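**Student:** Provided below are the primary sequence and the corresponding predicted coordinates.
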Amino acid sequence: MQKLLLLGDEAIAQGALDAGLSGIYAYPGTPSTEITEFVQKSKYASEQGIHSQWSSNEKTAMETALGMSYAGKRAMVCMKHVGLNVAADPFVNSAITGANGGLIVVSADDPSMHSSQNEQDSRFFGKFALMPILEPSNQQEAYDMVHYGFDLSEKYLIPVLMRITTRMAHSRAGVVRREVRKQNEAHLPSDLRQFVLLPAIARRRYKHLLSNYPHFVAESEKSPFNQYIDGHDKSRGIIVCGLAYNYLMENYPDREVPHPVVRIGQYPLPKNMIEKLVDACDEILVVEDGYPMVEELLKGYLGVGLTVKGRLDGTIPRDGELNPNILAAALGLEDTFGLPIPSLVVGRPPMLCSGCPHIDSYGALNEALSMLAKGRVFSDIGCYTLGALHPYEAINSCVDMGASITMAKGAADAGMIPAVAVIGDSTFTHSGMTGLLDAVVENSPITVLILDNATTAMTGGQDSAAMGRIEDICKGLGVEEDHIRVVRPLKKNHDEFVRILEEELAYQGVSVIIPRRECIVAIDKRMRDKFKNKKTATT
Amino acid sequence: MKKDIILAGVGGQGILSIAAVIGYTALEQGMFLKQSEVHGMSQRGGDVMSNLRISHNEIASDLIPFGQADIIIAVEPLESLRYLPYLSKDGWLISSSTPFNNIPNYPDIEEVLNAVRGIPHHLLLDADTMAKEAGSVKAANIVILGASAPFLGMDFELLENAIRVIFGKKGDRVVDLNLNALKAGKEFAELHQKN
Ligand SMILES: Cc1ncc(C[n+]2csc(CCOP(=O)(O)OP(=O)(O)O)c2C)c(N)n1
Ligand code: SF4
């Protein structure tokens, strides 16, 4: 069949389409976004009626996909690693309810934090939930694992976690497709109480999950993605997870590793394979992107018995993404390095675009707050987080999506009055609404700026679920109409904007100010799409 | 044949187009390819880089090891220096001399260019002016690609063909100006390539 050049993300999406997917559910997040976008752009997907619209957050995405699985069809959920925190409740419980139609959850980790606030390792969530985990080492495997994952999910009626990293998601390579499989017919679970987690049923379901776990281990032993590769030098055995295999091989141009190697692409760990390695070798080197999960497991807390090397003993750096040079050092091979970076080279951090509406909002906010003590602006995650940097230096927090409003409320509860929250439109509907309700219930003296740039800009400009709904949502939650103010953030409106801010900062209750002007990159994209459509319509 | 290439620049300067042309050519020749990109934060005027690896044999790592890149192709001089740890002893650095100055502390440009001139194998060219002469300053990235052509180990006609395919949707004018830009870059390299 035909060979396509695909990003890891795209390979997963193509794999899902070819394996009989009925719906993909996601909230955007680097580096996972392109999976869903690939399905959204696919003509085949729209012809087949495959669902691909964005969800308002990862929890709603996970639950909706679980609903599709309940109805017997195959579903995929995609998110960045921190999205799995948001979706954790349905995720963990879905292992207990189990699935009906095949269900794959893709979580994209970001070792080295290329564009995230932490580098948490999603494999821990999979282990915690007692789910099988798949971790591809190249784009072809990413493609193949989707088909395999849906089969595994339907064989044991269990959701399957697929863990990828930024490098996997955003690297391109050739992928050979398989034949396309049809979608499932809708069918109910054979037991209509399977999904009812009342304690009495949940206890039964949990025992069922526990009794399945040895089968998951057995599947790992015979998985095409786990492999024992023998080597003559038994002074050391090597366990490589996911992409680590490639970095190992890079250090052996003839692809012959002298040591025995266990290559892991599926969890729970294949116990026999690992036992065989441990029995044969004097010490074990564990190489994994993310946290030292496998290493910790083998080493045990006291580290007695087995000699295990890896991130915990400093053989490999404790944090950050792996690369071939780290492996060379860990293996005691000759390392290479080019020239040092000249000292005159300075950083070039990302910045707000010139003409960005957020710039006008921060200009007005800084002026309105200039008479008050500093340090009272709680913000959130989006392009506007760049307002923390020079020259704006306008915000004092960025923790997790939605935390601006709730943290402002907590600070106001502590006597910091007025406290200010700054949140984007998409982040507001992701998880700002419930926090605003808390503030309304107690009539907390906070001023909330919902920066409405009509898009989810930070992740590349996806539709925002907030579009056209913000005032109604705020009113519905109980914010007083007089204290919902809309302003157009432009230089010429600066004085009006500052005056509105001053009035609302003085108000001893919940106010919402909505600076509304479209992101200029989004306008540009819209215009280009319009031009393109016009052109295709006339030719 | 195997080439490990670092592409460097600032968001929006078109390094992914360079990667697309080389990538297309490599695939046409039945080569393997791995290309790792940085997305996300890079959109807003930050630095961007891409690891592009092409080979007649299967490629292991998505990342090029430090000290092993055959070529650094940069569309901006300060960015060309950022990736020097990747350059191999015999590697070439090919860079535009035009600064993209969007930061308050951009170093003195003469010092930057001198640092580039200190690299054993380098080509420094005024790609912006050459692109203007070829028809549009937007083709500066393709001028740089042209200047890299002699080091890629690929037939020049195949690169030209890739330009026709990749820019074909945008019409003949865009194709022609990019072909001119590619040629101008290559001629510069042939004239100035020493060592
Ligand atoms: C739980 C979680 N999901 C997704 C993301 C990725 N992410 C960061 S900012 C952002 C969108 C921000 O959109 P908006 O609030 O409208 O602000 P804008 O970037 O448009 O200014 C997303 C999806 C994240 N950091 N955390
Ligand atoms: S992408 Fe849009 S919202 Fe983000 S900085 Fe640029 S103009 Fe502002």
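**Tutor:** That came through fine. Ligands and ions are numbered 1, 2, ... in the order given.

**Student:** C-alpha only now, for contacts and for neighbours.
**Tutor:** Fine.

**Student:** excluding chain neighbours, what is closest to B:G46?
**Tutor:** A:P350 (4.2 Å; Cα to Cα, 6 or more residues apart in numbering or on different chains).

**Student:** can you check A:M68 too?
**Tutor:** A:A75 (6.3 Å).

**Student:** and if you look at A:D495?
**Tutor:** Among residues not flanking A:D495 along the chain, A:A364 sits closest, at 7.8 Å (Cα to Cα, 6+ apart).

**Student:** for A:L157, same thing?
**Tutor:** Leaving aside its chain neighbours, A:L157 sits nearest to A:A99 (4.7 Å; criterion: Cα to Cα, 6+ apart).

**Student:** next one: A:S52
**Tutor:** Using Cα to Cα, 6+ apart, the nearest residue to A:S52 is A:I24, at 5.0 Å.

**Student:** any idea how far the one you found is from A:N100?
**Tutor:** According to Cα to Cα, to the nearest Å, A:I24 stands 16 Å off from A:N100.

**Student:** next: B:V143.
**Tutor:** B:V143 is 56 Å from A:N100, by Cα to Cα.

**Student:** show me which residues of chain A are close to chain B?
**Tutor:** Residues of chain A lying near chain B by Cα under 8 Å from any Cα of the partner chain: A:30-31, A:114-115, A:167, A:170-174, A:243, A:246-247, A:249-250, A:323-325, A:336-342, A:344-346, A:348-353, A:458-460.

**Student:** what residues are up against B:L87?
**Tutor:** Contact analysis of B:L87 by Cα atoms under 8 Å, 6 or more residues apart in numbering or on different chains lists A:F337, A:G338, A:L339, B:F66, B:G67, B:Q68, B:A69, B:D70, B:I71, B:I72, B:L93.

**Student:** 7 Å instead?
**Tutor:** A:G338, A:L339, B:F66, B:G67, B:Q68, B:A69, B:D70, B:I71, B:I72 (Cα atoms under 7 Å, 6 or more residues apart in numbering or on different chains).

**Student:** returning to what we had before: in what helix or strand does the residue nearest to A:L157 lie?
**Tutor:** Following DSSP states H and E, there is no helix or strand that holds A:A99.

**Student:** ok, it - how many residues close by?
**Tutor:** 31 (other Cα atoms under 10 Å in any protein chain shown).

**Student:** got phi/psi on it?
**Tutor:** Per-residue torsions, A:A99: phi -110, psi 180 (degrees, to the nearest 10).

**Student:** do the same with A:L130
**Tutor:** phi 60, psi 40.

**Student:** and the gap between it and A:L103?
**Tutor:** Going from A:L130 to A:L103 by Cα to Cα gives 15 Å.

**Student:** same drill for these two, tell me which one is more crowded.
**Tutor:** A:L103 (34 against 22).

**Student:** list the residues that contact that one.
**Tutor:** Taking Cα under 7 Å, 6+ apart, we find A:L103 in contact with A:S69, A:R74, A:A75, A:M76, A:F150, A:S153, A:P159, A:V160.

**Student:** and the most centrally placed residue in chain B, what element?
**Tutor:** The centre of chain B sits closest to B:I73, judged by Cα atoms, centre = their mean, with a distance of 3.3 Å. Using DSSP H and E, B:I73 falls within strand B:69-74.

**Student:** show the average pLDDT along that strand.
**Tutor:** The pLDDT scores in strand B:69-74 average 98.

**Student:** with stretch A:109-127 instead?
**Tutor:** 96.

**Student:** what about the strands in chain B?
**Tutor:** For chain B, the strands defined by DSSP state E occupy B:2-10, B:32-37, B:47-55, B:69-74, B:87-96, B:122-125.

**Student:** pick the most deeply packed of those strands.
**Tutor:** Most buried of the strands of chain B, by mean neighbour count (mean count of other Cα atoms under 10 Å in any protein chain shown): strand B:69-74, with a mean of 26.

**Student:** residue ranges with poor pLDDT in the chain?
**Tutor:** With no chain named, the answer covers chain A. Within chain A, the stretches with pLDDT under 70 are A:1-2, A:535-539.

**Student:** that's the other chain; I wanted chain B
**Tutor:** For chain B (pLDDT under 70), the answer is B:39-43, B:194-195.

**Student:** in it, which residue sits closest to ligand 2?
**Tutor:** In chain B, the residue that lies nearest ligand 2 is B:R44 (6.4 Å; Cα to the nearest ligand atom).

**Student:** how does chain A divide up, domain by domain?
**Tutor:** Using automatic domain parsing, the domain parsing of chain A gives A:3-221, A:227-331, A:357-523.

**Student:** now the closest residue to A:E288 other than its chain neighbours. Its backbone dihedrals?
**Tutor:** In space, and not counting its chain neighbours, A:E288 is closest to A:C241: 5.1 Å by Cα to Cα, 6+ apart. A:C241 adopts backbone torsions of phi -110, psi 140, taken as degrees, to the nearest 10.

**Student:** show me what contacts A:C241?
**Tutor:** The contact partners of A:C241, taken as Cα under 7 Å, 6+ apart, are A:R263, A:I264, A:G265, A:V287, A:E288.

**Student:** show me which residues of chain A sit near ligand 2.
**Tutor:** A:L352, A:C353, A:C356, A:H358, A:C383, A:A457, A:M458, A:C519, A:I520, A:V521 (Cα under 6 Å from any ligand atom).

**Student:** can you tell me which of those residues are up against ligand 1?
**Tutor:** Applying Cα under 6 Å from any ligand atom to the residues of chain A next to ligand 2, those adjacent to ligand 1 are A:C383, A:A457, A:M458.

**Student:** can you lay out those residues as TSV showing neighbour count and secondary structure?
**Tutor:** Formatted as TSV, these follow (neighbours: other Cα atoms under 10 Å in any protein chain shown; DSSP: H, G, I helix; E, B strand; the rest coil):
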residue	neighbour count	secondary structure
A:C383	21	helix
A:A457	22	coil
A:M458	19	coil
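
**Student:** beta partners for the closest residue to A:L7 other than its chain neighbours?
**Tutor:** Spatial nearest neighbour of A:L7, chain neighbours left out: A:R172 (4.1 Å); criterion: Cα to Cα, 6+ apart. Beta-bridge partners of A:R172, counted by DSSP bridges, are A:L7, B:Q35.

**Student:** swap in A:A108?
**Tutor:** As for beta bridges, A:A108 partners with A:K80, A:I164 under DSSP bridges.

**Student:** what comes into contact with stretch A:419-438?
**Tutor:** Outside stretch A:419-438, the residues touching it (Cα under 7 Å, 6+ apart) are A:56-57, A:376-380, A:382, A:401-402, A:404-406, A:408, A:411-412, A:446-452, A:455-456, A:464-466, A:477.

**Student:** wait, isn't A:I514 in contact with A:L449?
**Tutor:** Yes - A:I514 lies in contact with A:L449 (Cα atoms under 7 Å); the separation is 5.8 Å.

**Student:** ok, A:A403 touching A:D380?
**Tutor:** Yes - contact status for A:A403 versus A:D380: in contact at 6.3 Å, counting by Cα under 7 Å.

**Student:** before we move on, back to that, quick one, phi psi at the residue nearest to A:D495?
**Tutor:** phi -70, psi -40.

**Student:** if I look at it, how far off is A:G476?
**Tutor:** 28 Å.

**Student:** quick one: which of those two has more around it?
**Tutor:** Per other Cα under 10 Å, whichever of A:A364 and A:G476 has more neighbours is A:A364, with 25 against 12.

**Student:** for that one, give its distance to A:T455.
**Tutor:** A:A364 sits 22 Å away from A:T455, going by Cα to Cα.

**Student:** which other helices and strands does the longest helix anywhere in chain B contact?
**Tutor:** When chain B is parsed with DSSP state H, its longest helix is helix B:172-192. Helix B:172-192 sits against helix B:127-134, helix B:140-152, helix B:156-167, with contacts defined as 3 or more Cα pairs under 7 Å, 6 or more residues apart in numbering or on different chains; DSSP states H and E.
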